[in-house]
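Asker: Okay, predicted coordinates and the sequence, questions at the end:
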Amino acid sequence: MSELEAVKDALLGFDAEKLAKATEASLKKNISPQEIMNVITASLKLIGEKFEKGELLLVHLVASGEAAKRAISEYLEPLLSKEGTVVAKIGTVAIGTVAGDIHDIGKNIVASMFFSAGFKVIDLGKDVSVESFIKAVEQHEPDILGMSTLLSTSLPIQREVVEALNNKKLRETVKIIVGGAPVTPEWAEEIGTDGYAEDALEAVNVGLRLLGKE
Ligand code: B1M
């Protein structure tokens, strides 16, 4: 079995220890952190699909999430962050997963990529209320506000944040980027954000473009 197959096998077996070892072994074989990330993301997607079909239980979703989070935060994120060159803080990003949603693996990767691209990152965490997003904009005056969600049921919160910023006359002070599995470019446009990104790298590129720093 190749190193990357071992990564997939460990995650599909919900084995955090094996996943950590397989991730480490892949890195030792000079497989790039991004490639390993892609295998982890694809495996999680497969697990999600099986969960949706009723072939797996919530306990499996929890175990796979915890295993992935550990391997990513211990082995991959530090390297992904190193891949960028921090020349100067080129802007500030406040980012969070919206209220009702506790999925934060993808949001954490997006935050790391912004950091590695030279942004100051204010991580608001997960299950972030509309009020907390607004408070963050008032307090930190970020150049970019990032909202992540993986749940269709939490999508409307993204719209509520945009509306609240409009009501507080803060909308023009910040660029808004949204992302996460149920988010589409059409949705991003419909609710009046400045950008949509499918993955972490794209999020940074969109951010740089919006600030005219491409
Ligand atoms: Co949940 N879950 N989950 N889950 N979970 C999904 C999202 C689901 C698609 C699985 C499925 O049924 N197929 C489904 C949502 C269906 C929907 O709404 N359409 C689902 C469900 C239903 C649920 C619960 C409701 C289950 C239940 O309780 N019955 C529950 C909800 C809890 C809550 O939030 N209130 C739940 C719980 C959980 C766990 C806590 C167990 C765990 C999360 C652990 C954690 O995050 N700390 C979990 C997991 C692990 C998943 C899956 C399997 C994997 C998610 C993940 O981490 N992917 C997921 C299936 C799937 O993804 N298809 C699923 C890897 C990650 C790197 O990718 O987060 O997509 P992703 O991030 C990417 C891009 O989306 C993008 O860039 C990232 C990096 O490239 N991106 C952005 C993300 N945010 C961005 C922001 C940007 C730009 C790009 O700009 C700001």
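Answerer: Here it is on my side, so go on. Residues are numbered from 1 along each chain as shown.
Asker: From now on I want contacts and neighbour counts done on CA atoms only, so please keep to that.
Answerer: OK.
Asker: what about Thr13, how many residues close to it?
Answerer: For the record, residue 13 is Gly, not Thr. 14 (other CA atoms under 10 Å).
Asker: Please report the distance of it from the ligand.
Answerer: Distance check for Gly13 against the ligand: by CA to the nearest ligand atom, to the nearest Å, it reads 13 Å.
Asker: Kindly report the same for Asn166.
Answerer: 19 Å.
Asker: Report pLDDT for that residue.
Answerer: Per-residue pLDDT puts Asn166 at 98.
Asker: Buried residues, whatever helix or strand it lives in. List them.
Answerer: Taking DSSP states H and E as the criterion, Asn166 maps to helix 155-167. For helix 155-167, the neighbour count (16 or more other CA atoms under 10 Å) marks Leu155, Ile157, Gln158, Arg159, Val161, Val162, Glu163, Ala164, Leu165 as buried.
Asker: which residues of this protein score low on pLDDT?
Answerer: Across the chain, the ranges flagged by pLDDT under 70 are 81-88.
Asker: Leu12: how many residues sit nearby?
Answerer: Leu12 has 18 neighbouring residues, counting by other CA under 10 Å.
Asker: these two touch, right, it and Ile47?
Answerer: Yes. With contact defined as CA atoms under 8 Å, Leu12 counts as touching Ile47 (7.1 Å).
Asker: Could you check what's spatially nearest to Ala6, not counting adjacent residues?
Answerer: Ala22 (5.8 Å; CA to CA, 6 or more residues apart in numbering).
Asker: quick one: the one you found and Met147, what's the gap?
Answerer: 32 Å (CA to CA, to the nearest Å).
Asker: for the lengthiest helix in the chain, packing partners?
Answerer: Of all segments of type helix in the chain, defined using DSSP state H, the longest is helix 33-52. Where contact means 3 or more CA pairs under 8 Å, 6 or more residues apart in numbering; DSSP states H and E, helix 33-52 is packed against helix 3-12, helix 16-28, helix 58-71, helix 77-83.
Asker: What pairs with the lengthiest strand in the chain, parallel or antiparallel?
Answerer: Assignment by DSSP state E gives strand 120-128 as the longest strand of the chain. Paired strands of strand 120-128, with direction, are strand 92-98 (parallel) (DSSP bridges).
Asker: Past the strand it pairs with, which element shows up next along the chain?
Answerer: helix 105-116.
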